[in-house]
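A.B. asks: got a predicted structure plus its sequence, pasted below:
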Amino acid sequence: MANVRLNLPASQFYAVWRHPKAFDWGRFTTYASFVLSAKVDNVLLNRINDDIPTLYLFPRLRSLTLILQDWGETPFTSPRLDIVFPPTLENLNLRVNGGEVLADVVLSLCDAMTSRQQPLKDFSVETTIVGDDVYAAIIRCIKKLPLRKFALESAEETDDDWIDALLLACRDAEGLIDLSIDFTENSNYRAPGLSGTRFNHLQKLSLDGNIIGCAAFLPLVTSPSLQELKFMGCNPEIWEAPLRPLQDIKRFGQLRTLFACVGIPNNVSWDDIESLTACSALEFVQLELLVQPQLTPLQLSALAEAWPNLQSFTYVSPWNIFNHNIGSHVPSSFLNDLQCFSKYCPMLSSLTVVIDTETLAPEPPEHIHSNPVCLTFLCSTIGSEPQLLARRIASMWPKLRSFDMVDHNLLKFRGVSPIRQALEAILDREIPSGRTSLTPRGIYF
């Protein structure tokens, strides 16, 4: 049983097998009744078909992630699915990766699920596929099963009509609350068959890849309950397109999490950013803009005042950093300008901005942040007065949890140690580095 892990707090087993022949199946079945959640793939199921001594692999299984994959490397064999479909199964997450040979398996799964006496409560699909028959099988599942989540990673060969058909099927799924679409960067998808379509019940939406497809689909989402939005759109060949996706986002008044990565130069202005103040429920905001508008103290203050529940704020321009041919100047804020977050956002716990370390106000800050906070400053130098910078930081954020300074090449400054040492001396405790990871595709925590 060395390959079976028990998650005690959740009272769930997660089975990961690589050598089923070596299993003591008699001992395994003793524990199998405790397995409530499992993740298996068709390769594994084929390997254990002849060995399993019971009707169901896990007789009390409630949640299953089933991975069906085939990349044409070996002859495909349809797996025996019934052993992981006990009557107790309530939640099924289906991941389909491969080509046409998977179509019959998906259709068999759909038939098995729809003929059950105890219907599924929750069904989700994640797919990276190429092939008309597989698309048709996926659509049949969407229409017959209680779809809650759908994720589509479209291939370059994917016909627009099939993307439309898949999304239309999702639109009619009343229980769908989580939708993710990854358009290829070479795709020119413009939602041609979705005119007049509305997605009214989504709570989570992720749009990634070519900005044409992302921007074409976003207006179709009219859900008043949308709470989480990830928008990552970029394509060097269409940078001059007159697209303003941030203006579309302002419609979502209940939005709590926003990650907007917009790769269009000279098409994002303060008016676009200001439109986001209509989303007054925002708690996590990450804006990565190809050309980052300079925000004045009044503009920063307007954002902070509009988002009283803000917990994390990131405002950077990763393209300026990674491609020095696209504008060498990254607009920065002055340290004292950040006081507005202490004044209006008492729950703020993470702040990542481009900062001017050379221009420091002589007067102490007026507003002090009373909660623990993680700071990451992007800057060109550590500044000529590191001791004064440390005093200003310590006075503004006395409960500083972690601190990092990163240069425009996304390398942590070796010279930041004097600032950290000064902070630790002033605050009389250790100030660790944060866990921030910065990449060209986004800054993640």
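C.D. replies: Yes, it's here.
A.B. asks: please make it C-alpha for all contacts and neighbour counts, starting now.
C.D. replies: Will do.
A.B. asks: quickly note the distance from the closest residue to residue 214 other than its chain neighbours to residue 93.
C.D. replies: Distances taken as C-alpha to C-alpha, 6 or more residues apart in numbering place residue 207 nearest to residue 214, at 5.6 Å, with adjacent residues excluded. Per C-alpha to C-alpha, to the nearest Å, residue 207 is found 20 Å from residue 93.
A.B. asks: ok so, going back, and the residue nearest to residue 214, bridged to which residues?
C.D. replies: In this structure, residue 207 has beta-bridge partners residue 181, residue 231, where bridges are defined by DSSP bridges.
A.B. asks: tell me where the stretch 1-150 of the chain has helices.
C.D. replies: 25-32, 42-48, 103-114, 132-144 (DSSP state H, counting those that start in this stretch).
A.B. asks: pLDDT (mean, whole number) over stretch 259-276?
C.D. replies: What stretch 259-276 shows for mean pLDDT is 81.
A.B. asks: got it, and stretch 46-58?
C.D. replies: The predicted model gives stretch 46-58 an average pLDDT of 72.
A.B. asks: and residue 352, how many neighbours?
C.D. replies: Residue 352 sits with 20 neighbouring residues when counted by other C-alpha atoms under 10 Å.
A.B. asks: quick one: it is in a strand?
C.D. replies: Yes - Residue 352 forms part of a strand when assessed by DSSP: H, G, I helix; E, B strand; the rest coil.
A.B. asks: that one pairs with what?
C.D. replies: With beta bridges defined as DSSP bridges, residue 352 has these partners: residue 314, residue 376.
A.B. asks: quick one: it and residue 317 touch, right?
C.D. replies: No - checked against C-alpha atoms under 8 Å, the pair residue 352 and residue 317 is beyond contact range at 11.3 Å.
A.B. asks: quick one: the residue lying closest to residue 109 once chain neighbours are set aside and residue 122, what's the gap?
C.D. replies: The shortest distance from residue 109 to any residue other than its chain neighbours is 7.4 Å, reached at residue 81 (C-alpha to C-alpha, 6+ apart). Here the distance between residue 81 and residue 122 works out to 18 Å (C-alpha to C-alpha).
A.B. asks: now swap in residue 292 and tell me
C.D. replies: With distances defined as C-alpha to C-alpha, the gap from residue 292 to residue 122 amounts to 41 Å.
A.B. asks: ok, the two, which is more surrounded?
C.D. replies: When residue 292 is set against residue 122 and neighbours are counted by other C-alpha under 10 Å, the residue ahead is residue 292, at 24 against 18.
A.B. asks: my read: that one touches residue 314, true?
C.D. replies: No - taking C-alpha under 8 Å as the definition, residue 292 is not a contact partner of residue 314, at 12.0 Å.
A.B. asks: thinking again about what came up before, I figured the residue nearest to residue 214 hits residue 178, correct?
C.D. replies: No - applying C-alpha under 8 Å as the test, residue 207 and residue 178 come out as separate, 11.4 Å apart.
A.B. asks: the more surrounded of those two?
C.D. replies: With other C-alpha under 10 Å as the criterion, residue 207 and residue 178 differ in neighbour count, and residue 207 comes out ahead with 23 against 19.
A.B. asks: ok, now which ones touch the more buried one?
C.D. replies: Residue 207 is in contact with 180-183, 214, 230-233, counting by C-alpha atoms under 8 Å, 6 or more residues apart in numbering.
A.B. asks: and the strands in the stretch 201-350 of the chain?
C.D. replies: Secondary structure of the stretch 201-350 of the chain, counting by DSSP state E, counting those that start in this stretch: strands at 204-209, 228-234, 257-263, 284-289, 312-316, 333-334, 350-356.
A.B. asks: between these, which gets nearest to residue 270?
C.D. replies: Residue 270 sits nearest to strand 284-289 of all these, at 11.7 Å, using C-alpha to C-alpha.
A.B. asks: residues in contact with the closest one?
C.D. replies: Under the contact criterion C-alpha under 8 Å, 6+ apart, strand 284-289 has outside partners 256-264, 268, 310-319, 442.
A.B. asks: parallel or antiparallel, list what pairs with that strand.
C.D. replies: When pairs are called by DSSP bridges, strand 284-289 turns out to pair with strand 257-263 (parallel), strand 312-316 (parallel).
A.B. asks: so can I have CSV of those showing mean neighbour count and distance to residue 287?
C.D. replies: As requested, the strands paired with strand 284-289 are arranged in CSV below (neighbours: other C-alpha atoms under 10 Å; distance: least, C-alpha to C-alpha, whole Å):
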stretch, mean neighbour count, distance to residue 287
strand 257-263, 23, 5
strand 312-316, 21, 5
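A.B. asks: including distance to residue 151, could those go into a markdown table?
C.D. replies: Below are the strands paired with strand 284-289 laid out as a markdown table (distance: least, C-alpha to C-alpha, whole Å):
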| stretch | distance to residue 151 |
| --- | --- |
| strand 257-263 | 18 |
| strand 312-316 | 26 |
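A.B. asks: ok, which of those strands comes nearest residue 388?
C.D. replies: Relative to residue 388, the nearest member of these by C-alpha to C-alpha is strand 312-316, separated by 24.3 Å.
A.B. asks: can I assume residue 306 is in contact with residue 275?
C.D. replies: No - Residue 306 is beyond contact range of residue 275, at 10.6 Å (criterion: C-alpha under 8 Å).
A.B. asks: neighbour count for these two, which is higher?
C.D. replies: Neighbours per residue (other C-alpha under 10 Å) separate residue 306 from residue 275, with residue 306 holding more: 19 against 16.
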